[in-house]
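Novice: dropping the sequence and predicted coords here.
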Amino acid sequence: MSYFSRLTDIVTCNLSQLLAESKDPLAAIEAILREMEEGLAGARRSVATATGNEERLYAEIQEHRHQATDWAGKAKTHLLGQCETEARQCLLRKREVEDLVAGLQQQHHSAVATREHLSTMQRALEARLAEALRKQAMLRGEDVGIDARPAAVADVSPLGFDRHSQIDAELEAMKRELGSSLG
């Protein structure tokens, strides 16, 4: 039985309700976990692809910016050599490259937005998977502490940020906030 038709279904699902409606909650959670893990694997591939697209576009933009600079330099050289027609041609080529860069920049902005959206979705899927793994442990009668974070869920975000350092920074900010309000 398929519980989810889209990744957003995983993020928006009510696990407690799905399990309550099931005749065998343990079997249901195991099927749900398999689907979540497949969805998360797909999300990770999508983030990797989107990141690659973003990096490729950035590199292409940089390459074309260098070309525009080269064309401007060639135009100056021709102008110094009293070759105005050639200088004009170089400036036309420079303008073409700049127009291309403008189009690539729009594509790059879209690629960044896509990567950010997919990364957010991946983190949401990881959170939902962690919740499902905790529910599975509870159904098995295992002790689930507040600090339980299943090993299947990465501690590094799709962009490479260490979750622990993010949590440490947030904790320090809370301490400062509470310290100033208490003192």
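Specialist: On my side now, so go ahead. Residues are numbered from 1 along each chain as shown.
Novice: the residue nearest to residue 40 when sequence neighbours are not counted: helix or strand, and which one exactly?
Specialist: Nearest non-adjacent residue to residue 40, counting by C-beta to C-beta, 6 or more residues apart in numbering: residue 125, 4.8 Å away. In this view, the C-beta of every residue, glycine as well, is placed from N, C-alpha and C. Element membership of residue 125, judged by DSSP states H and E, is helix 84-139.
Novice: then residue 23?
Specialist: Short version: residue 23 belongs to no helix or strand, going by DSSP H and E.
Novice: count the residues that sit near it.
Specialist: Counted with other C-beta atoms under 10 Å, the neighbours of residue 23 add up to 6.
Novice: please report how far it lies from residue 34.
Specialist: Going from residue 23 to residue 34 by C-beta to C-beta, to the nearest Å gives 18 Å.
Novice: likewise residue 61?
Specialist: Residue 61 is 41 Å from residue 34, by C-beta to C-beta.
Novice: more neighbours: which of these two?
Specialist: For residue 61 versus residue 34, neighbours defined as other C-beta under 10 Å are more numerous around residue 61 (18 against 11).
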